[in-house]
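S.K.: Build me a structure from this.
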Amino acid sequence: MEKKELIGAAADLYIRVSTTEQAEEGYSIGEQEARLRAYCDAYGFVIHAVHIDPGFSGSNLDRPGIKAVIRDVKAGRCQKVIVWKLDRLSRSQKDTMMLLEDVFIANGCDFVSLMESFDTSTPFGRCIVGILAAFAQMERENIKARMMMGKAAGIKAGNYYGHSAPLGYQFGVDDSGRKTLMRDPYWGQMIEELFQRVDAGETIMSIGATLHEKYGWDTPAGNVPIKAKYRRATALGHLLRMPVYCGVVSCGEEHVGIGRHEPLVSKDVWDRVNAKLKERGQARARRGSLGLLVGIIYCPKCGARMCAVRWYKDKPPIYVCHSVRGGNPAMIRDVNCDNRKWKYYTVDELDNIVLDEIRKLALDRSAFDEIVEDDRTDSTDVDAFRDRIDELSKQITRLIDLCQSGIADVAEVRDRITRLSAERDAVSDSLDRLEDEAAAPDAEKAWQEIASLDAVIDSGDRDALQSLVRSLIDRVEVYRGDVTIHWAFSPTANR
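M.R.: So this is what the prediction gives:
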């Protein structure tokens, strides 16, 4: 960033190039800056700062340079923002109009684009910028569509698309001189052994330890306090599901092709291994379905989920807080959780307690209606908030129209627009909260499900019963022997 002492009208120069435009004539950083500086010299503007975003897409505003421009404008450090071309500012019509109306005009700053020859200090300039922004967004969408078409054609031809080569491969050049995946002698052998061991029936957890010891392979620890054996198992599961190892390249489900690279395993082996993974996943799901409440039962003391476990072979399974049980650190919320000191419910005991509470509601429609209507927001309150938002929006629009027509000076109404916008945002946030509180699931549907409980139990369909319970209950909390049920059809449920 370069700064000078301000003499007259101060200007921020903004420059952006995407990675595909770095080398193109007219798009380079140096070329843009030279033209912008020449423009400022010709009109006598003083350059306050030059903000550059190299290699950033114009599809959003998540760019350090444009954020610095916004800060300068809001702080009043510049009276003009100058770009070489409108699409350098943004390729999104929504973002362009937001910058123009909510940042530049709202803070008395003009916007100038050299190539399109317009200046928002004039009514015509403000009009034409919206039209050009729409064309810039259309061009961006066309570019994206062309890239996807080219990628789909490349995948059908067997090309691999990725920023880095999968473990077991490295990038190389084939006989025709084209970039492709080449087998890595060391890591390719490890991937082969991984598939062979899973195909032979070994567990992924034990394989992870073996590969770590034999090949020195490991996964980054990061900031997540998860034991190495769990990290390795997760990473290996991801590798085993990658079709690139059996010679397939893909981009989603629609675009699949046979790769030009050498497969590390046969398609038969890959299919058998993935079938085993699916079967193991289904087995885990069946074990997790041991209790009706698994997935919706929590410990209110530490916030961790509770699981159904059988600590002793000759004892019935019980619900236990994950923090108390230990095991996977990702599920632990507080190692000092004292939910272990109180009554443990067996799975059958707690399931029956919850089912009895549902039966009580089936026998007392008034109790059900009381839960549904509890704390429901009055619709008249919501309407009042909507009316206030509409009135504030009209006031802001009128002020902007006065500025654009030249009847009022931007500096005179800028503070008023800022205050009205802040109030509108605050009222809009309040309305969102009220509408969330007012929105409740279909009460009549919930009542019908409650009434069908006994019929579902009599059918003996465990999956249907569990689905019914989960549709009626948002969460169950158990602490010190007390059981609290949060109904899904209550307006205060956590949806």
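
S.K.: Number of residues surrounding Glu202?
M.R.: Glu202 has 13 neighbours, counted by other C-beta atoms under 10 Å. The way it works is simple: take the backbone N, C-alpha and C, and place the C-beta from them, glycine included.

S.K.: For Leu194, see how far away it is.
M.R.: 10 Å (C-beta to C-beta, to the nearest Å).

S.K.: again, but for Ile52
M.R.: For Ile52 relative to Leu194 (C-beta to C-beta), the value is 45 Å.

S.K.: got it, and Leu36?
M.R.: 55 Å.

S.K.: Over to Ser471?
M.R.: 40 Å.

S.K.: Equivalent analysis for Ala11, please.
M.R.: Ala11 is 59 Å from Leu194, by C-beta to C-beta.

S.K.: Could you tell me the phi and psi values at Cys302?
M.R.: The phi/psi pair for Cys302 (degrees, to the nearest 10) reads phi -110, psi -10.

S.K.: More neighbours: Leu36 and Leu194, which one.
M.R.: Leu194 (27 against 22).

S.K.: surely the more buried one meets Ser206?
M.R.: No. Taking C-beta atoms under 8 Å as the definition, Leu194 is not a contact partner of Ser206, at 11.8 Å.

S.K.: Show me how far stretch 262-281 is from its chain's centre.
M.R.: Centroid separation for stretch 262-281 versus its chain: 30 Å, with C-alpha atoms, centre = their mean, to the nearest Å.

S.K.: Likewise for stretch 178-194?
M.R.: 32 Å.

S.K.: buried set for it?
M.R.: Buried residues in stretch 178-194, counted by 16 or more other C-beta atoms under 10 Å: 180-184, 187-188, 190-192, 194.

S.K.: for stretch 357-365, same thing?
M.R.: Buried residues in stretch 357-365 (16+ other C-beta under 10 Å): 358, 361-362.

S.K.: Quick check: which of these has the minimum pLDDT.
M.R.: By pLDDT, Ala362 ranks lowest within the buried residues of stretch 357-365, coming in at 84.

S.K.: so who does it touch?
M.R.: 450-451, 453-454 (C-beta atoms under 8 Å, 6 or more residues apart in numbering).

S.K.: again, only this time at 6 Å
M.R.: 450-451 (C-beta atoms under 6 Å, 6 or more residues apart in numbering).

S.K.: Now do the phi/psi pair for it.
M.R.: According to degrees, to the nearest 10, Ala362 has phi -60, psi -30.

S.K.: do you know how far the residue nearest to Ser18 when sequence neighbours are not counted is from Ala145?
M.R.: Spatial nearest neighbour of Ser18, excluding adjacent residues (C-beta to C-beta, 6 or more residues apart in numbering): Ser57 at 5.5 Å. Taking C-beta to C-beta as the measure, Ser57 and Ala145 are separated by 15 Å.

S.K.: which of the two has more neighbours?
M.R.: Neighbour count, other C-beta under 10 Å: between Ser57 and Ala145, Ser57 has more, with 15 against 10.

S.K.: That one: what secondary structure?
M.R.: The local conformation at Ser57, judged by DSSP: H, G, I helix; E, B strand; the rest coil, is coil.

S.K.: and if you look at Ser250?
M.R.: Per three-state DSSP, the local secondary structure of Ser250 is strand.

S.K.: What strand or helix carries Met148?
M.R.: Per DSSP states H and E, Met148 falls inside helix 123-156.

S.K.: Show the average pLDDT along that helix.
M.R.: The average of the pLDDT scores along helix 123-156 is 65.

S.K.: please renumber so the chain begins at 60
M.R.: Okay, residue one is now 60; in that scheme the one you just asked about reads as helix 182-215.

S.K.: so how far is the next helix-or-strand element following it off the chain centroid?
M.R.: On the C-terminal side of helix 182-215, the closest following helix or strand by DSSP H and E is strand 228-232. Taking the mean of its C-alpha atoms, strand 228-232 sits 32 Å from the chain's own mean (C-alpha atoms, centre = their mean).

S.K.: Flag every buried residue along strand 228-232.
M.R.: 228-229.

S.K.: That one packs against which elements?
M.R.: Identification of packing neighbours for strand 228-232 by 3 or more C-beta pairs under 6 Å, 6 or more residues apart in numbering; DSSP states H and E yields strand 238-242.

S.K.: Contacts for the strand it packs on next, please.
M.R.: In contact with strand 238-242 (C-beta under 6 Å, 6+ apart) are residues 219, 224, 228-229, 231, 233, 319-321.

S.K.: now, which of these sits nearest Arg392?
M.R.: Of all these, Arg392 sits closest to Ala224, with 38.3 Å by C-beta to C-beta.

S.K.: How many residues are close by the closest one?
M.R.: 18.

S.K.: What's the separation between it and Phe254?
M.R.: Ala224 is 18 Å from Phe254, by C-beta to C-beta.

S.K.: Check the model's average confidence along stretch 143-163 for me.
M.R.: 81.
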